[in-house]
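Asker: my questions concern the predicted model and sequence given below.
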Amino acid sequence: MKRLHRKKSFVIKLTIVIFLIIFLMYYFFVVSPIIKTYTSAETRAVTEEAINRAVSNVINLSLKYDSLIDISYTASGDIASFTANQFEINSISREIVEQAQIEMQTLGDEGLNINLGTFSGIPFLIGRGPIINLKLTPIGAVSSNFESTFESVGINMTKHTLYLYINVHVNIVLPIKSYDIYTSNQVLLAESIIIGKVPEVYLNGGSLGEALNLVP
């Protein structure tokens, strides 16, 4: 009788262990990739929204290309150099980064709402069922960098565009595991059509964009 009881107890424990192994394998190989894909898309969407709010709080319609970039010309009318108003550009960038950090902290406090059906790993249940709030943790400081592009749009006509990239590192805490998401959001700071021959150092070297990457 005692042997039978031990055997029954062993079978129950073995069944539980097998069930746990199957559950963990199903979670890590089926459910987790689906959740990661879904939450990554949702996180990037809400992060982009937070960045857009930060940008709209800082940049207004009165911001002009001439206030950021000064162009000097030769006696023949060709472009001699581009000079960036680094103080103004970096000031704007710092304000956007600071606002983005505030927005991301608010986002972290609110978390991300995911429907319970998403955790099943079954495609037609994704986005269905009760809401579960996932914790989002912004990691480190929001960072930024610049890109300056030149595009020929006609004879001696060049479109100069100045972009600011806001880079965000977010940690998502899920059941059993967590993972990191990196996002980069492009912000148009200014653009203008320039009349005159642009020196090759700017067209090919990207020196203006590199010179602007001074924001800590």
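Answerer: All right, it came through fine.

Asker: going forward, measure contacts and count neighbours with C-alpha atoms only.
Answerer: Will do.

Asker: number of nearby residues for residue 198?
Answerer: By other C-alpha atoms under 10 Å, the residues close to residue 198 number 20.

Asker: my guess is it contacts residue 160. True?
Answerer: No: the pair formed by residue 198 and residue 160 falls short of the contact definition of C-alpha atoms under 8 Å, at 10.0 Å.

Asker: so what pairs up with residue 146 in the strands?
Answerer: Under the criterion DSSP bridges, residue 146 forms beta bridges with residue 164.

Asker: now it: how far from residue 189?
Answerer: As judged by C-alpha to C-alpha, to the nearest Å, residue 146 and residue 189 stand 10 Å apart.

Asker: of the two, which one has the most company?
Answerer: Neighbours per residue (other C-alpha under 10 Å) separate residue 146 from residue 189, with residue 146 holding more: 23 against 20.

Asker: any idea how far that one lies from residue 45?
Answerer: Residue 146 is 22 Å from residue 45, by C-alpha to C-alpha.

Asker: before we move on, the earlier item: what sits in contact with each of residue 146 and residue 189?
Answerer: Residues within reach of residue 146 and of residue 189 at once, by C-alpha atoms under 8 Å, 6 or more residues apart in numbering, are 162-164.

Asker: so the residue nearest the centre of the chain is in which element?
Answerer: Compute the mean C-alpha point of the chain, and by C-alpha atoms, centre = their mean the closest residue is residue 183, 2.0 Å away. Taking DSSP states H and E as the definition, residue 183 sits inside strand 178-195.

Asker: low-confidence ranges, this structure, go.
Answerer: 1-7, 60-62, 121, 136, 138-141, 174-176, 200-216 (pLDDT under 70).

Asker: so residue 83 sits against residue 70, correct?
Answerer: Yes: counting by C-alpha under 8 Å, residue 83 touches residue 70, with 5.0 Å between them.

Asker: the protein: helices as residue ranges?
Answerer: Assigned by DSSP state H, the chain shows helices spanning 2-26, 32-58, 86-110, 200-205, 207-212.

Asker: distance of residue 76 from residue 87?
Answerer: Residue 76 sits 30 Å away from residue 87, going by C-alpha to C-alpha.

Asker: of these two, which one has the most company?
Answerer: Just comparing residue 76 and residue 87: by other C-alpha under 10 Å the higher neighbour count belongs to residue 87, 13 against 7.

Asker: can you pull the contacts of that one?
Answerer: Applying C-alpha under 8 Å, 6+ apart to residue 87 gives no contacts.

Asker: any idea how far it is from residue 185?
Answerer: Distance, residue 87 to residue 185, using C-alpha to C-alpha: 22 Å.

Asker: likewise for residue 115?
Answerer: Residue 115 is 26 Å from residue 185, by C-alpha to C-alpha.

Asker: now do the same contact list for the residue nearest to the centre of the chain.
Answerer: Neighbouring residues of residue 183 by C-alpha under 8 Å, 6+ apart: 44, 47, 167-169.

Asker: make it 10 Å
Answerer: Contacts for residue 183 (C-alpha atoms under 10 Å, 6 or more residues apart in numbering) come out as 40, 43-45, 47-48, 165-170.

Asker: residue 54 now?
Answerer: By C-alpha under 10 Å, 6+ apart, the contact list for residue 54 reads 48, 95-104.

Asker: pick out the most distant pair among those residues.
Answerer: 48 and 95 (16.7 Å; C-alpha to C-alpha).

Asker: phi, psi for residue 76 please.
Answerer: Per-residue torsions, residue 76: phi -90, psi 0 (degrees, to the nearest 10).

Asker: perfect, I'm done here.
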